[in-house]
Structure formats: C-alpha cells, structure tokens
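>>> The following comprises the amino acid sequence and a computationally predicted model.
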Amino acid sequence: MVTQGQVITCKAAVAWEPNKSLVIEDVQVAPPQAGEVRVKVLYTALCHTDAYTWSGKDPEGLFPCVLGHEAAGIVESVGEGVTEVQAGDHVIPCYQAECRECKFCKSGKTNLCGKVRAATGVGVMMNDRKSRFSINGKPIYHFMGTSTFSQYTVVHDVSVAKIDPAAPLEKVCLLGCGVPTGLGAVWNTAKVEPGSIVAVFGLGTVGLAVAEGAKAAGASRIIGIDIDSKKFDRAKNFGVTEFINPKEHEKPIQQVIVDLTDGGVDYSFECIGNVSVMRAALECCHKGWGTSVIVGVAASGQEISTRPFQLVTGRVWKGTAFGGFKSRSQVPTLVDKYLKKEIKVDEYITHNMTLTDINKAFDLMHDGECLRVVLDMFV
Ligand SMILES: NC(=O)C1=CN([C@@H]2O[C@H](COP(=O)(O)OP(=O)(O)OC[C@H]3O[C@@H](n4cnc5c(N)ncnc54)[C@H](O)[C@@H]3O)[C@@H](O)[C@H]2O)C=CC1
Ligand SMILES: N[C@@H](CCC(=O)N[C@@H](CSC=O)C(=O)NCC(=O)O)C(=O)O
Ligand SMILES: [Zn+2]
Ligand SMILES: [Zn+2]
C-alpha cells in the first residue's frame, strides 16, 4: 500500500491529561513536510523522563500529547529537501538534535543543538509551528521531537540517526536515551581516567550504564549507592564493586563516602533526579579536583544548593544531556559497538510488552526489578 504523501491513521498512546492513564487511540499522522521524516516506529522503550512529563511536573509538558523518546524504526517517507535518510532506512529518533550548522553544533563544546529546540519544547514542528498528530482534526502535541509511543511519528531530519540495518531494532531502541546517557556521562562529560574512584547514585538503567562506562574507562573502584539493597547483585554485572545503602547509615551519605575513600571520590554521578542527592554527590567528591555530574532530571521548582566553599575548594559541578553524545554522528557508532559486543544493551531489557499494555508497562517501572520495558508497537 502506498502511504507516501497520505495521512496515515495508526495506533498511538495518547496522554490526555497529567497522570491519567494513557489511551490507545487512532491518530492521524500527517505526511512529513520539508526537512521532516515520517518513521514507522517498531519498538520503543519507556524512560523515566516520559513518566516525569506525564506526571505534570515538567514545565515543558503539554497535553494532550504523544510521549516516548527511546525507540527504533524504519523511515516510511521523507519530506522535501531531506537527503541524509530515505524510505527503508533503519533509524533511531534522537531527542537531542544535531544539525551540524548552528552555533551549538559548530562550537565543538557541546552536543546540544539549537536548530529545532524551540519547536520541540512546545510540542510542534519547526516548519509551520503545528503538530503532525491529530485525532479527528484536534491537534495532539509532539514530545521531545520524537513521540515514539505512536506506530508512526514525524521528526525533524536533524533528529534522526541512520543505523546499520543488521542491528536488531528491538534491542538498539535503548540507544535512543538511557544507555548512551550513562556511558557518555562518564566518557564525554566527566572523562573518567583509569584508576579513578567513582560513585554512582541510583542503580537504574542510567546508573548501571554509568557503572559500565566507568569500568570500561578503567575506574579502580565503582561505588554504587541506592536505597534499595536488592539492586547490588545485578549492579555487580555492570561493574559496581562496592555498595552503600544510605538508609543503613546514621551519618550523611557524603560523609560515609568521604571516610571510605580517603577524602572523597574523583567522580560522582547523580542518576536519580533528587536535588538532595545531587548535593550529596557533589560533597562526596575529593577536595581540589572531584567532579560531580548531574544526570537525573529534577521536577519543576526544584533547585540545587551547596556551600559555595565546596566549589571554591576545587570541586566541579557539571550536568549532561544524552551523555554529551552528538546524536546523528555518534548513535550509529554506538550501534556498531553493540554489534561488536563492546557495549551491553540486552542486559538492560527486563521486560518485553506491547503498545496496548503501555499503562501496565509504566506500572512495572516502579518495580525494583525493572530496568527497561520494550514495547512491540505492532502486536
Ligand atoms: N540527563 C539526561 O540526558 C537523562 C536523564 N535521565 C534521568 O535519569 C534519571 C535516572 O533514570 P533511570 O535510571 O531510568 O531511573 P530509575 O528510576 O530506574 O533509577 C533510579 C534509581 O535510584 C534509586 N533511588 C531513588 N531514590 C534514591 C535515593 N534517595 N538515594 C539513592 N538511590 C535512590 C532507585 O532505587 C533506583 O534504583 C531520571 O531522573 C531520568 O529522568 C534519563 C535519561 C537521560
Ligand atoms: N523539559 C524538561 C527537560 C528535561 C531534561 O533535562 N531532559 C534531558 C533529557 S532526559 C531524557 O530522558 C535533556 O536532554 N535536556 C536537554 C534539553 O535540551 O532538553 C524540564 O524542563 O525539566
Ligand atoms: Zn530518556
Ligand atoms: Zn545544531
């Protein structure tokens, strides 16, 4: 059936209101305009950032919308002027765009891109500032420029990475967010050196990917911190060498870590989204050089604080988005690394479900056993 140039009606999970169950709806997906790509989404995973926006705590959250940003699929059609992908290409949508032309992209200092961010932050496409999703004429907002909880989605051409067609899409969908974020936080943002002592706060997918990245970087000690002690056994397989549960200590966790490490860690990573833990992660760093990277996303209205003396005495506070990876250039390389068994992906997938089960899938994410749930979009 020819779909190019036609409106496609397909199934999507629509978030009508914050915190109300997602509803599987028939949505109309308009054809891609100039500089846009329509993607058949075959597999999507759920990320805690989807849950965060759905909760209503994201200042950029708009409703009704189609959430989802960790996925893989096949290009269905492209709009005018799109040259780097064509129908049939296997792709990963990228919430962090890479245009290679804007001030950010050309700076060589960041993976952030300014080309489409203003549009993606308000749930529309850049061309006409409108959505390509609708239900019987009512527009439904995009999310993060990806909206992968739909069988078809429209993304900007700067927000899609072409990958090796040999890669299993049901696995490499994870390379759209959580795993690269953790690996890149270590390799690109912190640039952990061999022999370093590393602390990882939060042992979910992102924290485990930090541990995996730190092990690959040659860290000598990788201290995992989580309030759920059941996380430790699994974390060992990702490189965590020691475990601390803050609930089992009277002293503040930063003091516990400083005492255990002769003055503090070289690098710490906050992978939870809790501003008190962000402070602890900074303050457990070694005086003079310890660097703490904020990875977790904290809710609207939350603020970080510490004594400025912590920074005056040489600790460095940083943050990372998508682990500092330049998306279109580097996601294909991560896929190749997976195919060469140089990075884990399968190990982060604890559940496989279908789009129709998406609400159950979100419930599962609060279960301590769950890392990533992958949804098959067409079953
Ligand atoms: N900066 C970025 O580009 C990205 C940020 N994120 C954010 O990273 C964070 C982590 O994501 P996931 O690993 O998927 O989450 P997750 O919920 O699976 O993992 C969080 C872990 O933290 C633990 N935890 C909760 N409160 C704690 C506390 N007070 N002290 C110690 N441990 C605690 C939980 O038991 C859990 O194991 C989220 O905030 C997510 O939104 C996710 C992807 C990209
Ligand atoms: N709209 C949110 C922003 C949340 C956020 O920081 N997102 C991360 C990615 S989290 C992925 O799971 C990010 O890349 N941020 C950079 C960006 O340009 O959005 C809020 O305002 O809190
Ligand atoms: Zn994410
Ligand atoms: Zn750019």
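That came through fine. Ligands and ions are numbered 1, 2, ... in the order given.
>>> switch to C-alpha atoms for all contacts and neighbour counts from now on
OK.
>>> For stretch 218-230, list the C-alpha coordinates in PDB.
The C-alpha coordinates for stretch 218-230 follow below in PDB (Å, rounded to 0.1, in the frame of the first residue of the first chain):
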ATOM      1  CA  GLY A 218      39.400   1.700  33.900                       C
ATOM      2  CA  ALA A 219      38.000   3.000  37.200                       C
ATOM      3  CA  SER A 220      39.600   1.200  40.200                       C
ATOM      4  CA  ARG A 221      36.600   1.400  42.500                       C
ATOM      5  CA  ILE A 222      32.900   1.900  41.500                       C
ATOM      6  CA  ILE A 223      30.800   2.600  44.500                       C
ATOM      7  CA  GLY A 224      27.000   2.100  43.900                       C
ATOM      8  CA  ILE A 225      24.600   4.000  46.200                       C
ATOM      9  CA  ASP A 226      20.900   3.000  46.200                       C
ATOM     10  CA  ILE A 227      18.100   3.000  48.800                       C
ATOM     11  CA  ASP A 228      17.100  -0.500  47.500                       C
ATOM     12  CA  SER A 229      19.700  -3.100  48.600                       C
ATOM     13  CA  LYS A 230      18.300  -5.600  46.100                       C
END
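>>> what about that stretch, near ligand 1?
Yes: using CA under 6 Å from any ligand atom, stretch 218-230 reaches ligand 1 at Ile225, Asp226, Ile227, Asp228.
>>> how about the helices in the stretch 101-250 of the chain?
Counting by DSSP state H, counting those that start in this stretch, the stretch 101-250 of the chain has these helices, from start to end: 103-107, 117-120, 169-172, 178-184, 205-216, 231-236.
>>> got it, and the stretch 251-379 of the chain?
253-260, 275-283, 309-312, 327-339, 358-364.
>>> right, and the ones you listed - which one's nearest Ala299?
Evaluated with CA to CA, these place helix 275-283 nearest to Ala299, the distance being 9.2 Å.
>>> Report the angle between the closest one and helix 253-260.
Helix 275-283 runs at 20 degrees relative to helix 253-260, counting by axes from the mean of the first three to the mean of the last three CA atoms, to 10 degrees.
>>> I'd like to know which elements helix 275-283 is packed against.
In terms of contacts (3 or more CA pairs under 8 Å, 6 or more residues apart in numbering; DSSP states H and E), helix 275-283 is packed against strand 197-201, helix 253-260, strand 267-270, strand 291-294.
>>> Redo these as a markdown table? Include distance to ligand 2, mean neighbour count and mean pLDDT.
Shown next, in a markdown table, are these (distance: least, CA to the nearest ligand atom, whole Å; neighbours: other CA atoms under 10 Å; pLDDT from 0 to 100):
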| stretch | distance to ligand 2 | mean neighbour count | mean pLDDT |
| --- | --- | --- | --- |
| strand 197-201 | 17 | 29 | 99 |
| helix 253-260 | 24 | 17 | 98 |
| strand 267-270 | 13 | 31 | 99 |
| strand 291-294 | 10 | 27 | 99 |
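>>> Spit out the contact partners of the closest residue to ligand 2 within the chain.
Residue of the chain nearest ligand 2, by CA to the nearest ligand atom: Ala321 (4.0 Å). Counting by CA atoms under 8 Å, 6 or more residues apart in numbering, Ala321 makes contact with Gln96, Asn111, Leu112, Thr181, Val295.
>>> Can you name the residues that contact the fourth one?
Contact analysis of Thr181 by CA under 8 Å, 6+ apart lists Val206, Ala209, Val295, Thr320, Ala321, Phe322, Gly323, Gly324, Phe325.
>>> Those residues also near ligand 1: which ones?
Contacts with ligand 1 within the contacts of Thr181, counted by CA under 6 Å from any ligand atom: Val206, Val295, Thr320, Ala321, Phe322.
>>> Rebuild those residues as TSV, extending it with distance to Arg372 and pLDDT.
Output for these, formatted as TSV (distance: CA to CA, whole Å; pLDDT from 0 to 100):
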residue	distance to Arg372	pLDDT
Val206	10	98
Val295	17	98
Thr320	21	98
Ala321	19	98
Phe322	17	98
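>>> May I ask which of those residues has the most neighbours?
In terms of neighbours by other CA atoms under 10 Å, the ones next to ligand 1 among the contacts of Thr181 top out with Val206 at 31 neighbours.
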